[in-house]
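> let me see the structure of the following:
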Amino acid sequence: MMLMAALMACVAAHAGEKNDTTVIENAKKVTIIASETEQRVKVRGKEGNSTYYYENSIALKDSAYSKKVKVVDTETANWDFDLAFGLPIATNVPNGMSFAPFKSYEWILGLRYKYTPKHALQSYSVGLWCNWRQYTLDTDKAFGKDANNVIGLYDYPVNASDKRSSIYVFGLSVPFLFTQKFGHKSDFKMSLGPVVNFNLYGRIHNRYSLGDDYMEVKTKGVEYRPVTVDIMGMLQYKGIGLYCKYSPMSVLKKDMGPEFRSISIGVIL
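All right, here's what the predicted structure looks like:
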């Protein structure tokens with residue numbers, strides 16, 4: 001009871017000078033040190049943060065006081081959930097081939113473990129994402145494979161309409177991102193770093209109509225690169241942001257089909 005009374009007296013004196021309040025819910029340990037010239041309150045640990053530290057020092061002089069408050073930022077570690085949708089734009093495309101960016105897409109879904117050092121505006125994160133990409137042609141040709149599994153461009157059947165030909169690639173991605181906040185109270189932050197892709201599955205998906213019939217042809221065994229590395233940047237405000245991801249490595253293996261790269265631009269939550 002004496003400890004709580006001293007703590008309430010300290011808070012009352014604090015409020016008497018300036019109408020501000022510090023609320024610490026479920027403090028783990030409260031220490032009050034009193035002398036003839038100074039009264040000090042220390043709080044170690046609180047709900048959800050065992051390393052939290054708060055200190056309030058009040059110097060007593062002629063029935064008045066001056067105060068010095070020190071709050072020590074602590075390191076934090078937490079998990080971020082990522083959901084992103086983007087449009088991959090093919091680059092370095094061979095002659096005679098073009099892609100439709102608004103018929104191509106990319107989905108990203110996963111988690112990142114984020115660590116922020118003490119007093120820092122910077123954080124570091126690593127995660128695991130599921131990544132699904134579709135590259136759709138914007139020509140009258142369709143993807144296909146020959147007897148050696150080499151992907152090339154082929155003609156649709158005569159009188160075919162509503163034509164669409166795509167290459168799908170699915171994989172797991174491991175992002176390594178460095179994040180910089182623009183201030184301790186700022187809601188803006190920027191991230192940059194490499195993303196390592198472990199590509200696990202790929203296929204060709206051709207769709208077209210012949211008269212009243214709608215045809216779908218799915219071809220497995222796409223010779224994609226098993227491991228690729230991208231460079232990714234993000235600019236975020238609170239929980240929403242924009243991302244840009246450049247893929248400097250070709251999607252397909254060398255000599256196993258058209259070699260093209262991509263830049264993805266999209267929204268991340």
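> partners of the host helix or strand of residue 53 in the sheet?
Of the helices and strands defined by DSSP states H and E, residue 53 is found in strand 49-61. Pairing partners of strand 49-61, with direction, according to DSSP bridges: strand 38-46 (antiparallel), strand 64-72 (antiparallel).
> mean pLDDT lowest for which of the ones you listed?
Sorting the strands paired with strand 49-61 by mean pLDDT places strand 64-72 lowest, at a mean of 52.
> now the element after that strand, going C-ward?
With elements assigned by DSSP H and E, the helix or strand that comes after strand 64-72 is strand 76-91.
> tell me what that next one is packed against?
strand 105-116, strand 122-136, strand 240-247, strand 261-268 (3 or more CB pairs under 8 Å, 6 or more residues apart in numbering; DSSP states H and E). (Each C-beta comes from the backbone N, C-alpha and C, glycine too.)
> ok, residues contacting it?
For strand 76-91, the external contacting residues (CB atoms under 8 Å, 6 or more residues apart in numbering) are 49, 99, 101-102, 104-116, 125, 127, 129, 133-135, 243, 245, 260-269.
> thinking again about what came up before, distance to residue 23 added to the helices and strands packed on strand 76-91, as JSON lines?
Below are the helices and strands packed on strand 76-91 laid out as JSON lines (distance: least, CB to CB, whole Å):
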{"stretch": "strand 105-116", "distance to residue 23": "23"}
{"stretch": "strand 122-136", "distance to residue 23": "26"}
{"stretch": "strand 240-247", "distance to residue 23": "29"}
{"stretch": "strand 261-268", "distance to residue 23": "34"}
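> export these as CSV, with columns for mean neighbour count, mean pLDDT and distance to residue 149.
Supplementary listing: these in CSV, determined by neighbours: other CB atoms under 10 Å; pLDDT from 0 to 100; distance: least, CB to CB, whole Å:
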stretch, mean neighbour count, mean pLDDT, distance to residue 149
strand 105-116, 17, 94, 25
strand 122-136, 18, 94, 18
strand 240-247, 17, 95, 22
strand 261-268, 19, 94, 21
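> residue closest to the middle of this structure?
Geometric centre of the chain, nearest residue: residue 82, 5.0 Å, by CA atoms, centre = their mean.
> list the residues that contact the residue nearest to residue 123 when sequence neighbours are not counted.
Closest residue to residue 123 apart from its sequence neighbours, by CB to CB, 6 or more residues apart in numbering: residue 116 at 4.1 Å. Residues counted as contacts of residue 116 (CB under 8 Å, 6+ apart) are 75, 76, 77, 122, 123, 124.
> which of the residues you listed sit farthest apart?
Using CB to CB, the contacts of residue 116 span at most 13.7 Å, a distance reached by 77 and 122.
> what's the mean pLDDT across the top strand by length along the chain?
Longest strand in the chain by number of residues (criterion: DSSP state E): strand 188-210. For strand 188-210, the mean pLDDT works out to 94.
> got the CA positions of that strand in PDB?
Backbone C-alpha positions of strand 188-210 (Å, rounded to 0.1, in the frame of the first residue of the first chain) are rendered in PDB as follows:
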ATOM      1  CA  PHE A 188       6.200   6.000 -44.200                       C
ATOM      2  CA  LYS A 189       8.900   3.400 -44.700                       C
ATOM      3  CA  MET A 190      10.900   2.100 -47.600                       C
ATOM      4  CA  SER A 191      12.300  -1.400 -48.100                       C
ATOM      5  CA  LEU A 192      14.900  -2.900 -50.500                       C
ATOM      6  CA  GLY A 193      16.600  -6.200 -50.900                       C
ATOM      7  CA  PRO A 194      17.000  -9.400 -52.900                       C
ATOM      8  CA  VAL A 195      14.400 -12.100 -53.200                       C
ATOM      9  CA  VAL A 196      15.500 -15.700 -53.900                       C
ATOM     10  CA  ASN A 197      13.000 -17.800 -55.800                       C
ATOM     11  CA  PHE A 198      12.900 -21.600 -55.700                       C
ATOM     12  CA  ASN A 199      10.700 -22.400 -58.700                       C
ATOM     13  CA  LEU A 200       8.800 -25.700 -58.200                       C
ATOM     14  CA  TYR A 201       6.200 -26.000 -61.000                       C
ATOM     15  CA  GLY A 202       5.500 -24.600 -64.400                       C
ATOM     16  CA  ARG A 203       3.100 -25.200 -67.300                       C
ATOM     17  CA  ILE A 204       1.800 -23.900 -70.600                       C
ATOM     18  CA  HIS A 205      -1.900 -23.000 -70.600                       C
ATOM     19  CA  ASN A 206      -3.500 -22.400 -74.000                       C
ATOM     20  CA  ARG A 207      -7.200 -21.400 -74.400                       C
ATOM     21  CA  TYR A 208      -9.200 -20.700 -77.500                       C
ATOM     22  CA  SER A 209     -12.600 -21.200 -79.100                       C
ATOM     23  CA  LEU A 210     -13.600 -23.300 -82.100                       C
END
